[in-house]
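Q: everything below, folded, please.
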Amino acid sequence: MQNIKLSMLASVLLVSTLTISMSKAEDIASPATIVSTGSPSLWFDETDSGSGAEWYLYGGTASFYLQDDIDDVNHNAKTVFRIMHSLNNENSIMVDSSGDVAFANGSVFIDRSLDRLGVGTTTPTTDLDVVDDLDYIKLDASDGRIDLKDGSSEWAINAHSVYNTLEIINRTSSPSTEPMKILNNAQTDSLVVGEKGIGIGNNAPVEKLDVYQEEDGARLVLTTVGAGEYDAPQFTSRHGGSDGSGNVANTKNKNVLGSFAWRGHDGTDWTGAKAYMMVRAVGDWSGTNTGTKIEIATTPYNSTTAVVGIEIKNHGDVIIPNGNLYVNGTQMNVPDYVFEEDYKLMPLHELKTYISKNNHLPGVVSADEVGKAGVINLSGLQMTLLEKVEELTLYTLQQEEALVSKTVQMKLMEEKISKLEAMQKRLVKVESLLTNLALDTSTIKADKVSVNLK
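A: Take a look at the predicted model:
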């Protein structure tokens, strides 16, 4: 072994006596050492007049540095590589022969052959593979964002610090759009994708869409600002039909099953309907239709084939053209006037004469009138029927009064009859007594005559 001692000048940063112990290359147990009373260093000094850098290998008490000394005069070295000493993790930084780099015993691992980065794993299976006991990854920035790009398609997940929102941004379009945004005051379980469906306010949805609102009632609002043919807010529920070739379709003149739609329109077309409600079992709503259909519209759209069509006219009446039913307004004159003292109730004998002549009650529309008009005023008919019920009540009360009066009269007659029967019995007795008395008188007279003759 050879020992070489070098005396360093004060201008070379390290003022100390340096001992370099050299061993044979094959003697691994006795490697070459640099011994210093201060901090051991190895200085690579470039002496030419070029601008090349000078380098230090510098060993401190707890670290090992590789420094770039770019200032030949002041020697302001910059650290470009550093290995920290740790009792719990001796391999703070390690580079193997294949170029893989590991930090802190694999806490961070760079796989050069596959261009992958692992955090918490030395076998990353994706470009970025994070393995840890914690259940979250934190990205801390003034406006933290993760960009996802595949060719020309680019999306971003952005945490907006100003508005405290989470946004999914489509950066492919110009300008960028935000198809999904979560506000800072979003409630718990605002949107839940469960095994059976999607829950809104419900963390255990049992249907494809399950909406739950604890207070104020669950509401669904559909809003549109367009004025085009198909810009109306729509709610459609339908069963997929067949176009005859096995393809599911909702096309004209095809067998489309179970449709139900609410439609509203604020524009000038579709086609002229401002509002629409449709329930149909089979068929389309604009052509030949042999199925069942119910339609409600301010302006009906090709509803002539509907079994029942409901049309709301401007004057407020509702017409069901195929059903021959007419409802006039909602205000009704309730016939309480029947019970007023001055109400003139038709006597029953006059009522009998009217019915015999007209075959319907007074004030009630006749069958001929309904047939000619083709419609019937339901509210008017309802009130007329109520009037007749109230008149029937008065007739019943009159009959009750007459019946009570007859009952009283019959009772009086019964009492009189009883008295007459009693009087008759007494008269019979008197008559019998008188008869007997007359007989006795005749006998006495006969006896007297007989005595006189003697």
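Q: quick one, helices of the chain?
A: Assigned by DSSP state H, the helices in the chain fall at 348-358, 367-373, 378-453.
Q: figure out which of the ones you listed is closest to S41.
A: helix 378-453 (106.9 Å; CB to CB). Any C-beta I mention is one placed from the backbone N, CA and C, and that applies to glycine too.
Q: packing partners for that closest one?
A: strand 325-327 (3 or more CB pairs under 8 Å, 6 or more residues apart in numbering; DSSP states H and E).
Q: could you give the average pLDDT over the strand it packs on?
A: The pLDDT scores in strand 325-327 average 49.
Q: what's the answer for stretch 400-420, then?
A: 91.
Q: before we move on, the earlier item: mind putting the helices of the chain in a markdown table, distance to G120 included?
A: Shown next, in a markdown table, are these (distance: least, CB to CB, whole Å):
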| stretch | distance to G120 |
| --- | --- |
| helix 348-358 | 98 |
| helix 367-373 | 85 |
| helix 378-453 | 76 |
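Q: between the ones you listed, which gets nearest to L183?
A: Using CB to CB, those put helix 378-453 closest to L183, at 49.2 Å.
Q: between helix 348-358 and that closest one, find me the angle.
A: Helix 378-453 runs at 130 degrees relative to helix 348-358, counting by axes from the mean of the first three to the mean of the last three CA atoms, to 10 degrees.
Q: rewinding a little: which of the helices of the chain sits closest to G199?
A: Here helix 378-453 is closest among the helices of the chain (CB to CB), at 43.5 Å.
Q: figure out which of the helices of the chain is closest to Y136.
A: Nearest of these (CB to CB): helix 378-453, 65.3 Å.
Q: circling back: same list (the helices of the chain) but as a markdown table, adding mean neighbour count and distance to S174.
A: Putting the helices of the chain into a markdown table (neighbours: other CB atoms under 10 Å; distance: least, CB to CB, whole Å) gives the following:
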| stretch | mean neighbour count | distance to S174 |
| --- | --- | --- |
| helix 348-358 | 11 | 80 |
| helix 367-373 | 11 | 64 |
| helix 378-453 | 11 | 60 |
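Q: out of the ones you listed, which gets nearest to D342?
A: helix 378-453 (13.1 Å).
Q: so where's the stretch 251-400 of the chain uncertain?
A: 251-333 (pLDDT under 70).
Q: do that again at 90, thanks
A: Counting by pLDDT under 90, the ranges of the stretch 251-400 of the chain that qualify are 251-341, 363-385, 398.
Q: one step back: the helices of the chain: which one's closest to S107?
A: Taking the helices of the chain one by one with CB to CB, helix 378-453 is closest: 81.8 Å.
Q: K208: which of the helices of the chain is closest?
A: Of the helices of the chain, nearest to K208 by CB to CB is helix 378-453, at 39.6 Å.
Q: ok, L351 to K344 distance?
A: L351 sits 12 Å away from K344, going by CB to CB, to the nearest Å.
Q: quick one: closest of the helices of the chain to N164.
A: Going by CB to CB, the one of these nearest N164 is helix 378-453, 56.5 Å.
Q: re earlier: so for E167, which of the helices of the chain sits nearest?
A: Once the helices of the chain are compared by CB to CB, helix 378-453 is nearest, at 55.3 Å.
Q: please identify which of the helices of the chain is closest to K196.
A: That would be helix 378-453 among the helices of the chain, by CB to CB, at 44.5 Å.
Q: domain parsing for this structure?
A: Taking automatic domain parsing as the reference, the chain has its domains at 1-85, 221-323, 336-452.
Q: skipping adjacent residues, who's closest to S107 in space?
A: Nearest residue to S107 in three dimensions, chain neighbours excluded: G120, at 6.4 Å (CB to CB, 6 or more residues apart in numbering).
Q: I'd guessed that neighbour sits against V130; true?
A: Yes. With contact defined as CB atoms under 8 Å, G120 and V130 form a contacting pair (6.2 Å).
Q: returning to what we had before: which ones are touching the residue nearest to S107?
A: G120 sits next to 107, 130-132 when contact means CB atoms under 8 Å, 6 or more residues apart in numbering.
Q: for E214, which of the helices of the chain is the nearest?
A: helix 378-453 (40.5 Å).
Q: so how far is G199 from D216?
A: Between D216 and G199 the distance is 18 Å, computed by CB to CB.
Q: do L117 as well
A: 37 Å.
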